[in-house]
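A.B. asks: Sequence first, then the predicted structure:
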Amino acid sequence: MFIWDFNVIVAFGITLSLGLVIVAWMSYTLDKGRKETGRLEFFRQCVFCGYLYFDYFKKTPCCCPRCGSYK
C-alpha cells in the first residue's frame with residue numbers, strides 16, 4: 001500500500017503543474033508559428049534601398065514608398 005504523506009502530495013502537485021505549463025507553452029508556440037506566416041506575406045523589401053514596407057494589395061510591380069523604384 002502506498003502512503004500519501006505531505007512530501008509525495010507536494011511533489012505530485014509540482015510535477016502536474018510543470019507538465020501543464022509545458023503543454024500550454026508547446027501548444028502556444030506551435031499555434032503562434034502557424035499564425036505568423038500569414039502576416040509575413042504583406043511585407044516587401046526594396047532591392048535598391050532595403051526599405052521594408054507593407055504591400056496589402058500584392059501588386060506585382062509595386063513601387064517603393066521611399067525611393068520610388070519598381071521591384
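C.D. replies: Looks like it arrived, so ask away.
A.B. asks: can you give me the strands for this structure?
C.D. replies: 43-45, 52-54 (DSSP state E).
A.B. asks: Which strand residues bridge Leu52?
C.D. replies: On the basis of DSSP bridges, Leu52 is bridged to Gln45.
A.B. asks: hang on, it packs against Gln45?
C.D. replies: Yes. Between Leu52 and Gln45 there is a contact under Cβ atoms under 8 Å: 5.3 Å. (Each C-beta comes from the backbone N, C-alpha and C, glycine too.)
A.B. asks: what pLDDT does Tyr51 get?
C.D. replies: Looking at Tyr51, its pLDDT stands at 90.
A.B. asks: Let me fix that, I meant to ask about Pro65.
C.D. replies: For Pro65, the model assigns a pLDDT of 86.
A.B. asks: likewise Gln45?
C.D. replies: Gln45 carries a pLDDT score of 86 in this model.
A.B. asks: And Ser27, by the same measure?
C.D. replies: Ser27 is given a pLDDT of 89.
A.B. asks: and what of Gly33?
C.D. replies: pLDDT, Gly33: 58.
A.B. asks: still on that earlier bit, for the strands of the chain, which one ends up most surrounded?
C.D. replies: strand 43-45 (a mean of 13; mean count of other Cβ atoms under 10 Å).
A.B. asks: and that one, what does it pack onto?
C.D. replies: The contact analysis (3 or more Cβ pairs under 8 Å, 6 or more residues apart in numbering; DSSP states H and E) places strand 43-45 against strand 52-54.
A.B. asks: if I read this right, Ser69 contacts Arg44, doesn't it?
C.D. replies: No. Ser69 is beyond contact range of Arg44, at 11.8 Å (criterion: Cβ under 8 Å).
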